[in-house]
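# pasted the sequence and its predicted model underneath.
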Amino acid sequence: MNIGFSGFYAGPNVHIVDAIGLSDPLLARLPAREDPHAGAGHDSRIMPAGYLESVTTGVNQFPDARLGAYYDVLLTVVQGDLLSLRRLVAIWKLNTGAYREWINWDFFAILRRWNWPSLMRASSRIIRGTRCRRPGNISKSTTNDRR
């Protein structure tokens, strides 16, 4: 089972927080914890404080005000009215790096060194995607493995 199947069978009223960040707009933009055993692009992400509460309640609950503001802009991009000027401006600014300083990169650089899998399992209270290398998900090729 992967996030695609989980999301399909969970239905449209369930928000799946993908701890790897493949389908999650905020986590995909945050630094990953380096894992030499994960597949390309499948490193686990650092779950910021207040994120799960914000997703659950629909109200921004980030203790870090700048990351909370970044999340609000990101929600405008991924959930806003399709052709609204506000959304189009937010897309432009997001893609040109205007909000990059709102993420505390030094904080995440320190956290990347910690052992996160056990903490992420404990902090995830919402259905989340599975690791891609769990038994039955992917069979690893023994030839031409280019990592």
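Everything's here; your move.

# residue 7 is in contact with residue 15, isn't it?
No: Residue 7 lies out of contact with residue 15 (Cβ atoms under 8 Å); the separation is 9.3 Å. C-beta here means a position set from N, CA and C on the backbone, and glycine is covered the same way.

# quick one: mean pLDDT for stretch 16-34?
Mean pLDDT, computed over stretch 16-34, is 85.

# do a quick rundown of the helices in this protein.
For the chain, applying DSSP state H gives helices covering 3-10, 51-57, 65-79, 85-95, 105-111, 117-123.

# which other helices and strands contact the third one?
The reference is to helix 65-79. helix 51-57, helix 85-95 (3 or more Cβ pairs under 8 Å, 6 or more residues apart in numbering; DSSP states H and E).

# out of these, deepest packed?
Ranked by mean neighbour count under mean count of other Cβ atoms under 10 Å, the helices and strands packed on helix 65-79 are led by helix 51-57, which reaches a mean of 16.

# hmm, who's touching stretch 73-88?
The contact list for stretch 73-88 (Cβ atoms under 8 Å, 6 or more residues apart in numbering) reads 25-26, 29, 90-91, 93-94, 99.

# same question, stretch 91-100
Stretch 91-100 is contacted by residues 70, 73-74, 77 when judged by Cβ under 8 Å, 6+ apart.

# mind putting those into CSV with distance to residue 47 and pLDDT?
Shown next, in CSV, are these (distance: Cβ to Cβ, whole Å; pLDDT from 0 to 100):
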residue, distance to residue 47, pLDDT
70, 15, 97
73, 19, 97
74, 15, 96
77, 20, 97
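
# for the residue most central in space within the chain, which non-adjacent residue is spatially closest?
For the chain, the residue sitting closest to the mean C-alpha position, by Cα atoms, centre = their mean, is residue 27 at 2.1 Å. Distances taken as Cβ to Cβ, 6 or more residues apart in numbering place residue 21 nearest to residue 27, at 3.7 Å, with adjacent residues excluded.

# list the contacts for the one you found?
Listed by Cβ under 8 Å, 6+ apart, the contact set of residue 21 reads 27-28, 30, 32, 45.

# that one and residue 8, how far apart?
Here residue 21 is placed at a distance of 19 Å from residue 8 (Cβ to Cβ, to the nearest Å).

# follow-up on the earlier one: among the helices of the chain, which comes closest to residue 36?
Residue 36 lies closest, by Cβ to Cβ, to one member of the helices of the chain: helix 117-123, at 13.4 Å.
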